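Trainee: structural data only, the sequence is not supplied:
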């Protein structure tokens, strides 16, 4: 397997040099934590921001012409080789239409709140990716087919299929000739993702979508997601959105979620703000019907020599945090990172009232976790 991947990489580089049509790019991150401690003896771990995988070294092999292209992402996590986000073939039969098949994500309309601590060690129950508007391939369930239409400048109409329908997975490749069950095709459409967005010149982008999910009943289950991103003021971005479940009972009593991400940049200063509010109804054994909310603040200041100082503070109340003793989540950090032409080196200090992602080091639920992350990152 490794020899085959090496051969593919060498062949791709050869094609790039010969024809200029195929490319190889890369990105990776590793975080070494020499000290992480709570109520027990100090530990040392190696991980990435989102999990205990030791490191991430990823490569993207892609090639395209005006009408046809392909992309394959390969990742090396903690010594293992696997598939990354995208493995797809795309075709443009006409200028405004793109059809992609394989394992596909589309970030054209995505509304993230990824800043500061999200790129270091993430705390449990941390907001960030897809906070305001879900990408095509929502909740990590990639689409197998994405149809994207761009009929005019700034207007995007996108549909994704094959996200989570039983029998319609990467293994079956959406096998239309041998469907699993009589209603498999209808399930594909009911559990599809349908998004539209329009970039209003000089003002911002408005977008809306429906995301279908498997239903425990005969009723349609899904999420309505709408958002507006304001970009008309220099240096200021404000992205405000709402997520409304079609069936609150199947969503565990959630009536609606309101999300905000904003940032302001001026010279070498950047300030980030994110917030989420959860409106719930009372359902026995599920939740109390109380209001759930959280807020996050990040500040970055650039100095000479590629050095950036960062600070991050976050809070979420116990309604939206799965703590065993129903306590709130409080976290924060101070960081210094040095940026180079193709990478980053950084040092930090983080504290959290919850565990960091996949690094449970405390038995006392009231203890604070303290970590010193050392961050290495590359791209080309």
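Mentor: That came through fine. None of the values given here were measured: they were computed from a predicted structure. Numbering: from 1, shown residues only.
Trainee: for residue 225, give the beta-bridge partners.
Mentor: Each beta-bridge partner of residue 225 is listed here: residue 209, residue 243, as defined by DSSP bridges.
Trainee: quick one: strands adjacent to the helix or strand that contains residue 308?
Mentor: Of the helices and strands defined by DSSP states H and E, residue 308 is found in strand 307-316. In the sheet containing strand 307-316, its partner strands are strand 292-302 (antiparallel), strand 329-340 (antiparallel), by DSSP bridges.
Trainee: by contact count, what packs against the helix or strand that the last one is followed by?
Mentor: I take that to be strand 329-340. For strand 329-340, the succeeding helix or strand toward the C-terminus, using DSSP H and E, is strand 343-352. Packing contacts for strand 343-352, counted by 3 or more CB pairs under 8 Å, 6 or more residues apart in numbering; DSSP states H and E, involve strand 329-340, strand 369-379. In this view, the C-beta of every residue, glycine as well, is placed from N, C-alpha and C.
Trainee: follow-up on the earlier one: out of the strands paired with strand 307-316, which comes closest to residue 120?
Mentor: When the strands paired with strand 307-316 are compared for distance to residue 120 using CB to CB, the nearest one is strand 329-340, at 6.2 Å.
Trainee: so residue 305 lies in a helix, does it not?
Mentor: Yes - per DSSP: H, G, I helix; E, B strand; the rest coil, residue 305 lies within a helix segment.
Trainee: ok, it touching residue 339?
Mentor: No - using CB atoms under 8 Å, residue 305 makes no contact with residue 339, being 9.4 Å away.
Trainee: just want to know which of these two has more residues nearby.
Mentor: Looking at residue 305 and residue 339 with other CB atoms under 10 Å, you find the greater number of neighbours at residue 339, namely 15 against 7.
Trainee: which residues of this structure fall in helices?
Mentor: Counting by DSSP state H, the chain forms helices over residues 2-19, 184-190, given from the N-terminal end onward.
Trainee: mind telling me which of these the model trusts least?
Mentor: Taking the average pLDDT of each of the helices of the chain, the minimum falls on helix 2-19, with a mean of 50.
Trainee: show me what contacts residue 241?
Mentor: If a contact means CB atoms under 8 Å, 6 or more residues apart in numbering, then residue 241 has 111, 131-133, 225-228, 258-260 as its contacts.
Trainee: how about it: what's its closest non-neighbour residue?
Mentor: When the adjacent residues along the chain are set aside, residue 241 lies closest to residue 227, with 3.1 Å between them (CB to CB, 6 or more residues apart in numbering).
Trainee: next one: residue 306
Mentor: residue 339 (4.4 Å).
Trainee: what distance do you get for residue 42 to residue 106?
Mentor: When CB to CB, to the nearest Å is the yardstick, residue 42 and residue 106 sit 43 Å from each other.
Trainee: could you do residue 224 as well?
Mentor: Relative to residue 106, residue 224 is positioned 19 Å away (criterion: CB to CB).
Trainee: show me which of the two is the more surrounded one.
Mentor: The neighbour count for residue 224 versus residue 106, taken as other CB under 10 Å, is higher for residue 106 (23 against 14).
Trainee: which residues are in contact with that one?
Mentor: Under the criterion of CB under 8 Å, 6+ apart, the contact partners of residue 106 comprise 100, 135-137, 143, 146, 148, 158, 160.
Trainee: re earlier: with respect to residue 269, which of the contacts of residue 241 is nearest?
Mentor: residue 260 (20.2 Å).
Trainee: if we ignore the residues flanking it in sequence, what's nearest that closest one?
Mentor: If the residues on either side of it in the chain are set aside, residue 260 comes closest to residue 275, at 4.6 Å by CB to CB, 6+ apart.
Trainee: can you get me a residue count around that neighbour?
Mentor: Here the neighbour count serves as a burial measure; for residue 275 (other CB under 10 Å) it reads 20.
Trainee: for it, give me its contacts.
Mentor: With contact taken as CB under 8 Å, 6+ apart, residue 275 is in contact with 259-260, 293-296.
Trainee: how about a cut-off of 10 Å?
Mentor: By CB atoms under 10 Å, 6 or more residues apart in numbering, the residues touching residue 275 are 113, 127, 131, 240, 258-262, 293-297, 315-316.
Trainee: how about residue 267?
Mentor: Residue 267 makes contact with 235, 301-302 under the criterion CB under 10 Å, 6+ apart.
Trainee: what number of residues lie near residue 33?
Mentor: Taking other CB under 10 Å as the criterion, the count of residues near residue 33 is 21.
Trainee: quick one: contacts for it?
Mentor: 43-47, 120-121, 348, 350, 356, 359, 371-375.
Trainee: need the pLDDT of the closest residue to residue 26 other than its chain neighbours.
Mentor: The spatial neighbour of residue 26 that comes closest, neighbours along the chain excluded (CB to CB, 6+ apart), is residue 59 at 4.8 Å. At residue 59, the pLDDT value in this model is 94.
Trainee: same check on the one 3 residues further on?
Mentor: Residue 62 is assigned a predicted lDDT (pLDDT) of 94.
Trainee: that one pairs with what?
Mentor: For residue 62, the beta-bridge assignment (DSSP bridges) gives partners residue 23, residue 71.
Trainee: ok, it to residue 68 distance?
Mentor: Residue 62 is 12 Å from residue 68, by CB to CB.
Trainee: the more surrounded of those two?
Mentor: Set residue 62 next to residue 68 and count neighbours by other CB under 10 Å: residue 62 wins out with 17 against 12.
Trainee: I'd assumed residue 74 was in contact with the more buried one.
Mentor: No - between residue 62 and residue 74 no contact is recorded; they are 11.5 Å apart, counting by CB atoms under 10 Å.
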